[in-house]
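Trainee: what would the 3D arrangement of this be:
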Amino acid sequence: MKLEDDNYCFACGRDNHCGLKLSFNYSNGRLTTEFIPSKIYQGYKDITHGGVITTVLDEAMIQAAIAEGIMPVTAEINVRFKMPLMANEKTIAEAEIIKKSSRLVEARSRLLKASNGTIIAEAYAKLIPSKQ
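Mentor: Model (predicted):
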């Protein structure tokens, strides 16, 4: 399967009006993005839905791989939630590739409160590089 970007990715697509519109910075093997969830992404009142948090963590790992010239898809992701993320709370997501081969890429990411660096959630994923 050929992986193509048409700017409608829910996480980073600029043309997706319902999406998160994340943008990324990559330097010295580390990818970062800022994320401020609006209330429309809540589960319980004023608490960001865990699926949205997982999406941010997953996309950060995918983008870290892309920054290293790998076009992957996620095969497995494990997320550990440490504390709630409140609506409109500024966060920073970080991701890095920790192991790579031609058949499997391993990555980790975490979402931090921008105000004090407290970990909100962290993830580990196995990514499969596409053969393009």
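Trainee: so Glu122 bridges to which residues?
Mentor: According to DSSP bridges, the residues that bridge with Glu122 are Arg80, Arg110.
Trainee: so it makes contact with Leu112?
Mentor: No: the pair Glu122 / Leu112 is not scored as a contact, 9.3 Å apart, by Cβ atoms under 8 Å. Glycine gets a C-beta too; all of them are placed from N, C-alpha and C.
Trainee: which parts of this protein are strands?
Mentor: Per DSSP state E, the chain carries strands over the ranges 25-27, 30-35, 72-81, 91-100, 105-113, 119-129.
Trainee: so what are the sheet partners of the shortest one and their directions?
Mentor: Strand pairing for strand 25-27, determined by DSSP bridges: strand 30-35 (antiparallel).
Trainee: give the full set of residues in contact with His49.
Mentor: By Cβ atoms under 8 Å, 6 or more residues apart in numbering, His49 lies in contact with Tyr41, Gln42, Gly43.
Trainee: tell me the spacing between it and Leu20.
Mentor: His49 sits 12 Å away from Leu20, going by Cβ to Cβ, to the nearest Å.
Trainee: buried residues in stretch 46-54?
Mentor: By neighbour count on 16 or more other Cβ atoms under 10 Å, the buried set for stretch 46-54 is Thr48, Val52, Ile53, Thr54.
Trainee: which one among these gets closest to Ser27?
Mentor: Of all the buried residues of stretch 46-54, Ser27 sits closest to Ile53, with 23.6 Å by Cβ to Cβ.
Trainee: what about the closest residue to the closest one other than its chain neighbours, how many neighbours?
Mentor: Excluding the flanking residues, the one nearest Ile53 by Cβ to Cβ, 6 or more residues apart in numbering is Ala121, at 5.2 Å. If you count neighbours by other Cβ atoms under 10 Å, Ala121 ends up with 23.
Trainee: same question for the one 3 residues further on.
Mentor: Around Tyr124 there are 17 other residues, counting by other Cβ under 10 Å.
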